[in-house]
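S.K.: using only what follows, build the 3D model:
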Amino acid sequence: MADTLNTAQRQAVDTLTGPCLVLAGAGSGKTRVIVHKIARLLQSGLAPERIAAITFTNKAAAEMRERAKALVGPRAARPLVISTFHSFGVRLLREHGERVGLKARFSILDSDDVLSVLRDAGGTTDAALARRWQWAISGWKNAGLNADGAEAAAADDDERVAARVMRRYEERLAAYQAADFDDLIGLPLKLLTGNAEVRALWQQRLAHVLVDEYQDTNAVQYELLKLLVGERAHFTAVGDDDQSIYGWRGATIENLKKLPQDYPALKVITLEQNYRSTGAILRAANHVIAANPKIYAKKLWSEHGDGDPVKLLACDNEEHEADRAVSWIQARRQAGGEVKWGDFAILYRANHQARAFEQALRKAQMPYKVSGGQSFFDRAEIKDLCAWLRLWVNGDDDPAFLRAVTSPKRGIGHQTLANLGEFASKWKVSLFEALFAESLATALPRKAIDALHEFGRYVNDLEFRARSAEGEAAARELLMGWLKDIGYEQHLHDGDDDAKLAAARWSNVLDFVDWIARRCGGVVANDGSGDESPVQSVLQVAQTISIIISIAERGDDTDVVTLSTLHAAKGLEWPHVLLAGVNEGSLPFASEADPVTPQRLEEERRLMYVGVTRARQTLAVSSLKRRKRGREMVVAMPSRFVAEMKLDEAHTKVDPRERLRQLRAELAAKVARPAEAAP
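M.R.: Numbering: from 1, shown residues only. Next comes the predicted model:
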């Protein structure tokens, strides 16, 4: 096992006790180090259930689990605690949540649910205003502040209003027995901080904690990890200060700076050998990031040879840039070798930049996908069914109740629900509890109450049956019977004039049923959750479904060109990458309302570094001479990051044969291009 590791990787793997920081440069094999260290810890005598590996995405957790299973075997890998931060938080709260006021079957609200609760808490129908409150509240929670702390920290009247809304929002979450995503970290921290018994239990359970992508942790996650490892501090933090790009969502590079202060015995190991990119690409990356101040110095290097020089593409405007991207792809494919569409990625700073590339790729009949598009689980039909499942788990989940009772409609109108809501608010009970209250007749007519009672009894019956519906066959029978009972297929056809679209939505529903049934059967569904479980009941799967689907990344192996933002591209790689729109104002991003501060500039430079290091074989960087600002065209300047790459004339000179291929590709694209329809 050790023979497959380089010297620095082996040192990281063999450091089994005390605090250890592994600075893993881009493409340096950090996941390899983590799984080999898990194997080494097992060899040292630790029981697998006492080893925890925590990361940020379900996709990363699934990859880690599969690689650990391949290395140590399925039997040893099964008890390992490999999960996301949020899944780990759910595990703590399911077991001990009553100590922070949550029952075991609490609900997890998604972003849309949170927005609905905030609009109610703030007494507004303005979705944009509620979204601003949502961002502010999330930021405060990630900094470890409650409503009192938020009000004290509020910088202006708008923030003071948001802090007051936060207080009412928190009251509603408590009443609904619900948690939002930030609570899945904040409440476990509160739990471990305030309960010495639970804290000691988990410190004893976990003998070694490994944390992936450590540079992406926020203040609350840092404190949570400190409590998990205790004074013994047997942990391995794996990260890269040069890839810290999520400051806008609470991640703080200060966590890397605090580690040696809080743990003076910290052992720092740097991984600099890159296994992904060519020398030319790494040279450009090293030059760019060198302009940032360093916490820990490192310089990436590779044994892949120098490779093709990095190309600079100067483009007249967005449309010309998109055309040059198409010709760049065509030229690479015409150069020979087995080059697939899926080998190419076009990366940009902001989502709106995708439009011109989509149009150009469609004209050239090139298959593509926009990374970060609508998830399967974000589809309306799937959210409808998830609302029912959440209601089976937690009758106090008001957002789930409101969606389930109207999907499909069952003769229960908006006025009935409004009156039910007033009644529930008056008596401080959930909507589901209110519909069985004896005094409900004072607020609603008998016909409305009968309809509500019929719905309530049916939900209770489903919940009872879901408890005992274990295994794949029983789960499928229950779920298909439920969909037939509520007439959901007909509901889809009634709600859509396009029969093909309705049929496609019903097909999504059947896929969802199959996904749940396979999880009930103990099979690890290919959903990126990273979980491996025995046979379960439908209710047990429903208890965890919100967290599974809300942060799941669904893989797509289709052979297509990828269009993606730089943030979404982190952790991914392609043989051929084009960084687009590398201009001042775009990358680094800046506007009159949001100028570039020194701290922001450093993060934008790290974002450029992440983009450069996504490329394995070739990298092209394009900038515009003019760009759109509203309806006007304005002069554009290449980004300062282009100069920082230090690509001299000799190094960026285009081979004449390559240029000839590009010209032929551009001519072919123009000849083949159909007339463009007016927008």
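S.K.: domains in this protein, by residue range?
M.R.: Domain ranges of the chain: 7-93+186-271, 107-176, 301-374+557-672, 377-550, per automatic domain parsing.
S.K.: any chance you could map the strands in the stretch 501-650 of the chain?
M.R.: 561-565, 574-579, 615-624, 626-629, 632-635 (DSSP state E, counting those that start in this stretch).
S.K.: for these, give me a markdown table that also has mean neighbour count, distance to Lys409 and mean pLDDT.
M.R.: No exception for glycine: its C-beta is placed from N, CA and C like everyone else's. As requested, the strands of the stretch 501-650 of the chain are exported to a markdown table (neighbours: other Cβ atoms under 10 Å; distance: least, Cβ to Cβ, whole Å; pLDDT from 0 to 100):
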| stretch | mean neighbour count | distance to Lys409 | mean pLDDT |
| --- | --- | --- | --- |
| strand 561-565 | 23 | 38 | 93 |
| strand 574-579 | 24 | 46 | 97 |
| strand 615-624 | 24 | 50 | 96 |
| strand 626-629 | 16 | 44 | 82 |
| strand 632-635 | 10 | 47 | 84 |
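S.K.: and the domains of the chain: which comes nearest Leu282?
M.R.: domain 301-374+557-672 (5.5 Å; Cβ to Cβ).
S.K.: run the chain-centre distance for the closest one.
M.R.: For domain 301-374+557-672, the separation from the chain centroid amounts to 23 Å (computed by Cα atoms, centre = their mean, to the nearest Å).
S.K.: tell me the pLDDT of Gly522.
M.R.: Note for Gly522: predicted pLDDT of 73.
S.K.: ugh, wrong one, Leu385
M.R.: For Leu385, pLDDT reads 91.
S.K.: list the buried residues for the helix or strand encompassing it?
M.R.: Per DSSP states H and E: Leu385 is located in helix 380-393. By neighbour count on 16 or more other Cβ atoms under 10 Å, the buried set for helix 380-393 is 381-393.
S.K.: what's the closest of those residues to Phe106?
M.R.: Taking Cβ to Cβ as the measure, Phe106 lies nearest Val393 of the buried residues of helix 380-393, at 8.4 Å.
S.K.: gap between Gly139 and Ala219?
M.R.: Noted for Gly139: a distance of 11 Å to Ala219, by Cβ to Cβ, to the nearest Å.
S.K.: identify the contacts common to these two.
M.R.: Gly250 (Cβ atoms under 8 Å, 6 or more residues apart in numbering).
S.K.: hey, where'd the helices end up in the stretch 151-300 of the chain?
M.R.: Taking DSSP state H, counting those that start in this stretch as the test, the helices found in the stretch 151-300 of the chain are 157-176, 183-194, 196-205, 219-229, 254-262, 279-289.
S.K.: which of those helices sits closest to Ala345?
M.R.: helix 279-289 (13.5 Å).
S.K.: any chance of TSV for the strands of the stretch 501-650 of the chain, columns distance to Leu478?
M.R.: As requested, the strands of the stretch 501-650 of the chain are arranged in TSV below (distance: least, Cβ to Cβ, whole Å):
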stretch	distance to Leu478
strand 561-565	39
strand 574-579	43
strand 615-624	47
strand 626-629	53
strand 632-635	59
